[in-house]
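In: predicted structure and sequence below. I'll ask about it afterward.
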Amino acid sequence: MLTVSIGTPEVGATYPYAIGYAVTFPEGQVIQVGNARIIALSYQNEIITDVDGDRQQMAVGDERIVSARHATITTLGFFRVTDTNFQFTLKYKGERDNVAYFDLIVKTSRQVPDYLIRRLLPQEIQAVPIELQ
């Protein structure tokens, strides 16, 4: 069993590695990515994203960077598998049937396999890998 602990990022961290996912956020539902609490609410042709209490209105194509964090992944409670600083960007793609569509770009300070990054992503957002350009 893998356990993920989220904390404060290292000072001066850079994020040379990136992986992308197409994700959906059910409208009005609190979604936890890492330890960030995210709520998406549609408003006319825009979306309001609330990340840890900070609201931002977004139009289709807008991007929002979520503040950096540090993840430590362990197994059996204490064997360290890896650790990395990470931050993610949400790019709003549109809304349909009370579901908000985003591209979620996860940037890390160390190269981390996809299956470990997926441990940060809740099943509710239905993350599907995408190619980054």
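Out: Cool, the structure landed. Numbers count the residues shown, from 1 in each chain.
In: can we go C-alpha only for contacts and neighbour counts from here?
Out: Fine.
In: tell me where this structure has strands.
Out: Ranges of strands in the chain, per DSSP state E, are 2-7, 17-26, 31-33, 36-43, 46-51, 54-59, 63-75, 79-96, 99-108, 128-130.
In: so what's Glu95 up against?
Out: The contact partners of Glu95, taken as C-alpha atoms under 8 Å, 6 or more residues apart in numbering, are 42, 47, 101.
In: one more: Ile65?
Out: Ile65 neighbours (C-alpha under 8 Å, 6+ apart): 87-90.
In: okay, the residues you listed in CSV with pLDDT next?
Out: Shown next, in CSV, are these (pLDDT from 0 to 100):
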residue, pLDDT
Gln87, 94
Phe88, 93
Thr89, 95
Leu90, 95
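In: tell me which of the contacts of Glu95 has the lowest pLDDT.
Out: By predicted confidence (pLDDT), the lowest-ranked of the contacts of Glu95 is Ser42, with 84.
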